[in-house]
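**Student:** return a 3D structure for these sequence lines:
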Amino acid sequence: KKIKPEVFNYLSSVIIDNYYVQSNENIKRFKDFRVLAVDGSKITLPFTEELKICFGESKNQTNTSIVQARS
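**Tutor:** Residues are numbered from 1 along each chain as shown. Presented below is the predicted three-dimensional model:
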């Protein structure tokens, strides 16, 4: 709960700036292209009015409501 979201943007930029440079010959390539992949996950958040307004709510077959974000 205490990690600021901006930290993830900063860490991502540090990794990109230090690894993905044109002169880096250690990058694995497929037919001279870098292959990148993205995956997503759902994160169950505390059920508060503020988060419900921001992310919406999901219900299951028993009509139990939860708040989820995607990452």
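**Student:** and residue 35, how many neighbours does it have?
**Tutor:** Neighbourhood size, residue 35 [other Cβ atoms under 10 Å]: 9. Every residue, glycine included, has its C-beta placed from N, CA and C.
**Student:** and residue 8, by the same measure?
**Tutor:** 11.
**Student:** against residue 15, how distant is it?
**Tutor:** Separation of residue 8 from residue 15 (Cβ to Cβ, to the nearest Å): 11 Å.
**Student:** just the element for residue 13, please.
**Tutor:** Using DSSP states H and E, residue 13 falls within helix 6-19.
**Student:** which other helices and strands does that helix contact?
**Tutor:** The helices and strands touching helix 6-19, judged by 3 or more Cβ pairs under 8 Å, 6 or more residues apart in numbering; DSSP states H and E, number zero.
**Student:** who does whatever helix or strand comes next after that helix pair up with?
**Tutor:** Per DSSP H and E, the first helix or strand lying C-terminal to helix 6-19 is strand 42-45. Strand 42-45 pairs in its sheet with strand 65-70 (antiparallel), by DSSP bridges.
**Student:** can I get the helix holding residue 13 in PDB, CA atoms only?
**Tutor:** The C-alpha atoms that make up helix 6-19 are tabulated as PDB, following Å, rounded to 0.1, in the frame of the first residue of the first chain:
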ATOM      1  CA  GLU A   6       5.400   6.500 -10.200                       C
ATOM      2  CA  VAL A   7       8.100   4.100  -9.000                       C
ATOM      3  CA  PHE A   8       7.100   1.500 -11.700                       C
ATOM      4  CA  ASN A   9       7.400   4.100 -14.500                       C
ATOM      5  CA  TYR A  10      10.800   5.200 -13.200                       C
ATOM      6  CA  LEU A  11      12.100   1.600 -12.900                       C
ATOM      7  CA  SER A  12      10.900   0.800 -16.300                       C
ATOM      8  CA  SER A  13      12.600   3.800 -17.900                       C
ATOM      9  CA  VAL A  14      15.900   2.900 -16.100                       C
ATOM     10  CA  ILE A  15      15.800  -0.700 -17.500                       C
ATOM     11  CA  ILE A  16      14.900   0.600 -21.000                       C
ATOM     12  CA  ASP A  17      17.600   3.300 -21.000                       C
ATOM     13  CA  ASN A  18      20.300   0.900 -19.800                       C
ATOM     14  CA  TYR A  19      19.400  -2.200 -21.800                       C
END
